[in-house]
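Trainee: for reference, the sequence and a predicted model appear below.
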Amino acid sequence: MTAQEIINALYLEMLFVAVILLGILLTNNIVLYKQKLRDRISVMLLTAVVLGCFEILWTLCDGNPKLTALTYVGACGYMSLFVVFTALLNRYILSRFDSLPKSKWATTLLYIVPAGVFSLLCFTTPWTHWFVRVDETGVLHEEILFDALFTPLMIIYVLAAVISAVHYAIKGRRGDRTTMHIAYNMIVFGVLIPAIYSMEIILLDINSKYLALNLAVSIAMVYLTTNVSTHTLLETRAKVEATEADLRVGTEIQTGSLPTSFPDRPEFEIYASMDPAKEISGDFYDFFMIGEDHLALVIADVSGKGIPAALFMMSSKILINDHALMGGSPAEILERVNKLVCKSNDAHMFVTVWLGILEISTGKLTTASAGHEYPMINVNGKYEILKDRHGLAVGALDISKYHNTELHLKKGDSIFVYTDGVAEATDANNVLFGTERTLEALNSLPKDAAQKDVLAGVRVAVDAFVKEAPQFDDLTMLGLKYYGPKANTETEES
């Protein structure tokens, strides 16, 4: 085997290694780091993989007269995609350094026109032979436009990116470590090409200057794409981890703002639970004493999900709590809160609220609803829907009016309130759990079941219905059972 044949074999092996490495990076970018295929790094990696495959095809077929057509396909596909890759690389690097041309005309002139013209010339070269020509022995030769157009275009794209990287590094913008790493790697990329090219020509005595340049560019390209991809993925991962840390803290803050200890009172029993669909919930519940003889009950559902909904939830919860302690009926409290929310509601969010105030000594329960789900009440040994009067959700309209609904709870009566995540829980066939199944779940429980078991029973019924289908909405419930005023309960016990 001659020295040139050994070099060609090594060159082909390096191409295979490069394509496999770039393919792994592309897979990691999409699968491991959850980036989309249209992400700039993904597009660059995909382009590099495909042009590498074209180059392998070209290298394998070159010199075989029976595979002339495949030689043209490999060479033309490689050249056109190499222009696309260097243009993408140039735009990516310049964008990281805030050096991209702002004008659409400049973008068209610098990127779209050259790529379009070059691709047209590449795909017509089997007939025109302007770029390359395959002789009768199957060997491919570069023609005049190859050196006159292909090489200068590549140099311009690469050189502009290298100069931009040098400028960025010298200017010393130390604020973004990832961008500085990319600048350094781009500079190394610019140095690697002439260094490897010179080494091949001088030390290995490669007789094809194009082969030497192509190999140098391929090695430098693998180096650059590997490092740029790695730094970008690490940057993305760092942002994801920071977001996850913020969500964990937000979850802890939100959970800590909800009552987690339930009063042990002889007059009533109360229990509540919240299962968020995501880390941060837009639902909330609350209960607190107003004076010595009144218990406030709140359950609410903020429009939207995530951090904005959680922030809106926190402010709404505080406002409701503060205004309930100031006094007034549930309808009056909701009207005051609604006016305040509407004053500073630039995000146009809203929250459905059910507010009840129980007079412990008499069992009188006064409720008002701001567009919330109908509660389910058990006053005759069976849960039924209580169709109380509704107003608009808090934050929807500043002139909204709300209405009180009054009922008297007797010993053993109970009430169940919830957010729409219960009734709208959906199975794999997009069938809703619904209010009827919720009532069935409640009425199937033992009459003397504790409120904690009541809520757990409803959740078991929901889970059995949806099975493996994902939870799309927050699921929040609150249950209250009334035992009568303290004097009566003490008398009965004695």
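Mentor: Nice, thanks for sending it over.

Trainee: what's the per-residue pLDDT of residue 453 here?
Mentor: Each residue has a pLDDT score; the one for residue 453 is 95.

Trainee: mind listing what it touches?
Mentor: Residues in contact with residue 453, defined by Cβ atoms under 8 Å, 6 or more residues apart in numbering, are residue 445. C-beta here means a position set from N, CA and C on the backbone, and glycine is covered the same way.

Trainee: can you start the count at 686 instead of 1 from here on
Mentor: From this message on, residue numbering opens at 686, which makes the last subject residue 1138.

Trainee: pull out the buried positions in the helix or strand where it lies.
Mentor: Using DSSP states H and E, residue 1138 sits within helix 1136-1151. Across helix 1136-1151, burial judged by 16 or more other Cβ atoms under 10 Å covers 1136, 1139-1144, 1146-1147, 1150-1151.

Trainee: ranges for the strands of this protein?
Mentor: Taking DSSP state E as the criterion, the chain carries its strands at 817-819, 825-827, 953-960, 968-975, 979-987, 1036-1044, 1049-1055, 1061-1063, 1068-1070, 1075-1076, 1090-1093, 1099-1103, 1160-1167.

Trainee: among those strands, which gets the worst mean confidence?
Mentor: Note on these: strand 825-827 shows the lowest mean pLDDT, a mean of 82.

Trainee: figure out how far that strand is from the centre of its chain.
Mentor: 48 Å (Cα atoms, centre = their mean, to the nearest Å).

Trainee: other SSEs contacting that strand?
Mentor: strand 817-819 (3 or more Cβ pairs under 8 Å, 6 or more residues apart in numbering; DSSP states H and E).

Trainee: in its sheet, which strands sit next to the strand it packs on, and in what direction?
Mentor: Strand 817-819 pairs in its sheet with strand 825-827 (antiparallel), by DSSP bridges.

Trainee: which outside residues touch the partner strand?
Mentor: Contacts for strand 825-827 (Cβ under 8 Å, 6+ apart): 743, 747, 756, 760, 816-820, 895.

Trainee: on that earlier part again, pLDDT check: weakest of the buried residues of helix 1136-1151?
Mentor: residue 1151 (89).

Trainee: in contact with that residue, which residues?
Mentor: 1110-1113, 1118.

Trainee: and residue 1171, how many neighbours?
Mentor: 13 (other Cβ atoms under 10 Å).

Trainee: that one contacts residue 953, doesn't it?
Mentor: No. With contacts counted by Cβ atoms under 8 Å, residue 1171 stays clear of residue 953, the gap being 10.1 Å.

Trainee: CA atoms of the helix holding residue 1138 as PDB?
Mentor: This file holds the C-alpha atoms of helix 1136-1151, laid out as PDB (Å, rounded to 0.1, in the frame of the first residue of the first chain):
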ATOM      1  CA  GLN A1136     -63.100  14.600  56.300                       C
ATOM      2  CA  LYS A1137     -59.500  13.500  55.500                       C
ATOM      3  CA  ASP A1138     -60.900  10.200  54.400                       C
ATOM      4  CA  VAL A1139     -63.700  11.900  52.400                       C
ATOM      5  CA  LEU A1140     -61.100  13.800  50.300                       C
ATOM      6  CA  ALA A1141     -58.900  10.800  50.000                       C
ATOM      7  CA  GLY A1142     -61.900   8.800  48.700                       C
ATOM      8  CA  VAL A1143     -62.600  11.300  46.000                       C
ATOM      9  CA  ARG A1144     -59.000  11.300  45.000                       C
ATOM     10  CA  VAL A1145     -59.000   7.500  44.700                       C
ATOM     11  CA  ALA A1146     -62.100   7.700  42.500                       C
ATOM     12  CA  VAL A1147     -60.500  10.300  40.300                       C
ATOM     13  CA  ASP A1148     -57.200   8.200  40.000                       C
ATOM     14  CA  ALA A1149     -59.200   5.100  39.200                       C
ATOM     15  CA  PHE A1150     -61.100   6.900  36.500                       C
ATOM     16  CA  VAL A1151     -58.200   8.600  34.700                       C
END
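
Trainee: roughly how far apart are residue 755 and residue 736?
Mentor: 16 Å (Cβ to Cβ, to the nearest Å).

Trainee: of the two, which one has the most company?
Mentor: Comparing residue 755 with residue 736 by other Cβ under 10 Å, the one with more neighbours is residue 736, at 23 against 16.

Trainee: what does the pLDDT read for the more buried one?
Mentor: pLDDT, residue 736: 83.

Trainee: tell me the contacts of it?
Mentor: Contacts of residue 736 by Cβ under 8 Å, 6+ apart are 762-763, 766-767, 769-770.

Trainee: leaving out chain neighbours, which residue sits closest to it?
Mentor: Among residues not flanking residue 736 along the chain, residue 766 sits closest, at 3.7 Å (Cβ to Cβ, 6 or more residues apart in numbering).

Trainee: and the one you found, how many neighbours?
Mentor: For residue 766, the neighbour count with other Cβ under 10 Å is 22.

Trainee: residues in contact with it?
Mentor: 732, 735-736, 739.

Trainee: tally of neighbours for the residue nearest to residue 982 when sequence neighbours are not counted?
Mentor: Closest residue to residue 982 apart from its sequence neighbours, by Cβ to Cβ, 6+ apart: residue 1041 at 4.3 Å. Residue 1041 has 24 neighbouring residues, counting by other Cβ under 10 Å.
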